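A.B. asks: 3D, please:
(one chain, ligands or ions: 1)
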Amino acid sequence: MQSVNTSASSSEENREHTEWQELAVEVQHLHKAYEDHVAVDDISFTVKKGEIFVLVGPNGAGKTTAVECMEGLRKPDRGSVRLLGMDPRNNREKIFQHVGVQLQENNLHPRQKVYETLEVFSSFYSDPAPYSQLIERCGLEGKENDFYGKLSGGQKRRLLMVLALLGRPKLVILDEPTSGLDPQARYNIWKLLEELKRQGTTIFLTTHYMNEAEEHGDTLCMIDEGRVIAMGEPKKLLAEHQMGSCIKIAECPNLDEKKLKTFPQVGQVEKVDGHFLLYGSGKDFLPMITSKLGKEGVTADQIEARKANLEDLYLLMTGRAYRKET
Ligand SMILES: Nc1ncnc2c1ncn2[C@@H]1O[C@H](COP(=O)(O)OP(=O)(O)OP(=O)(O)O)[C@@H](O)[C@H]1O
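C.D. replies: Sure thing, here's the model as predicted:
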């Protein structure tokens, strides 16, 4: 009897240990308020080692606050954060050696040259990555002798990315790394992040670009008003919400949202600026709906069909109107 119990408990411990070893980030019941304004309201998620985890949400949703709590820069009111098994507020030195964090733009001195900044940051690590390769990958070659303050916004952002990667981190935390970058720079940054992922680096980032989240994210976490509203693999999230295809229909006197919702295989219906958006899935969804619409007097030129995407889901879940910020 005893040996069964021992083995059960040790297998339980092993399971927990293995689970823990597979996690790069664990955020549990995180809560943070600024005076009486709750910015992060009881959010929990885990990031598996080696994945790209994307946090999205409207302006003011609480992403940066959550990221700053994760980085140990803000003290949560409640809840816990573990990065590679460590509390970021109590293990700053160790975390710094293994977790690459993208600094804010105003953290660097404008009169320091790019190469001086890189030299200083390299000296913090026992085995830094060769910065010449990283600046080339981030499109900053030739800028080594420029003052930081003279770089463009996009170049500054790319330098901050290089600094985050200098220590060969196991985990990288990036707040809107591709924001404000031109399409070529975005493409190159994603190529680099995908390569790091293949080498085993875990990547956590926030973005407003839903196409990037859909294309590169292994797991997506959507927050709104400080709370998690959807989480999972992008493709599975779309499937769960029956968002395979989107049919845009011009408004027509015979149709309303209630009626459209009764059509077969329809998951979601939205009325936007003089037309309806009808989301659904199933292999005969498009021909069936087109035929049903034809019977209601809708002509082919009043219908547009396309694949539904994560931006559709995001807009559906977070709404299209601006929120009043408090
Ligand atoms: N230092 C602060 N003091 C008071 N309120 C703050 C502070 N920082 C953020 N807030 C408020 O907390 C809420 C969440 O802000 P946060 O910056 O975390 O959102 P976000 O999702 O990162 O937004 P964005 O996409 O615009 O960067 C907002 O309502 C914001 O006004």
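
A.B. asks: domain assignment for this structure?
C.D. replies: As given by the TED database, the domain ranges for the chain are 23-237, 242-318.

A.B. asks: so residue 190: helix, strand or coil?
C.D. replies: helix (DSSP: H, G, I helix; E, B strand; the rest coil).

A.B. asks: let's see the strand or helix carrying residue 155 as PDB, backbone CA atoms only.
C.D. replies: Using DSSP states H and E, residue 155 sits in helix 153-165. Only the C-alpha atoms of helix 153-165 are listed here, as PDB (Å, rounded to 0.1, in the frame of the first residue of the first chain):
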ATOM      1  CA  GLY A 153      12.200  55.600 -34.600                       C
ATOM      2  CA  GLY A 154      12.300  52.300 -36.400                       C
ATOM      3  CA  GLN A 155      16.100  52.100 -36.200                       C
ATOM      4  CA  LYS A 156      15.900  52.700 -32.400                       C
ATOM      5  CA  ARG A 157      13.400  49.900 -32.000                       C
ATOM      6  CA  ARG A 158      15.600  47.600 -34.000                       C
ATOM      7  CA  LEU A 159      18.600  48.400 -31.800                       C
ATOM      8  CA  LEU A 160      16.500  47.700 -28.700                       C
ATOM      9  CA  MET A 161      15.700  44.300 -30.200                       C
ATOM     10  CA  VAL A 162      19.500  43.600 -30.800                       C
ATOM     11  CA  LEU A 163      20.100  44.500 -27.100                       C
ATOM     12  CA  ALA A 164      17.400  42.100 -26.000                       C
ATOM     13  CA  LEU A 165      19.100  39.300 -27.900                       C
END
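
A.B. asks: any idea of the mean pLDDT for it?
C.D. replies: Helix 153-165 shows a mean pLDDT of 95.

A.B. asks: ok, residues contacting it?
C.D. replies: 100-103, 105, 108, 114, 117-118, 121, 129, 131, 134-135, 138-140, 143, 148, 151, 172-174, 177, 179-182, 185, 189, 196 (CB atoms under 8 Å, 6 or more residues apart in numbering). Just so you know, the C-beta spots here come from the backbone N, C-alpha and C atoms, and that holds for glycine as well.

A.B. asks: tell me which stretches of this protein form strands.
C.D. replies: Using DSSP state E, the strands of the chain run over residues 23-34, 37-48, 52-56, 78-83, 99-101, 171-175, 202-206, 219-224, 227-232, 245-250, 266-272, 275-280, 303-307.

A.B. asks: tell me where the model's unsure across this protein.
C.D. replies: 1-20, 324-326 (pLDDT under 70).

A.B. asks: which bits of it sit near the ligand?
C.D. replies: Residues of the chain lying near the ligand by CB under 6 Å from any ligand atom: 34, 37, 39, 57, 59-65, 325-326.

A.B. asks: from these, list the buried ones, please.
C.D. replies: By neighbour count, with 16 or more other CB atoms under 10 Å, those hold 39, 57, 60, 61, 62, 63, 64, 65 as buried.

A.B. asks: hmm, the third one is touching residue 323, no?
C.D. replies: By that I understand residue 60. Yes: with contact defined as CB atoms under 8 Å, residue 60 counts as touching residue 323 (6.8 Å).
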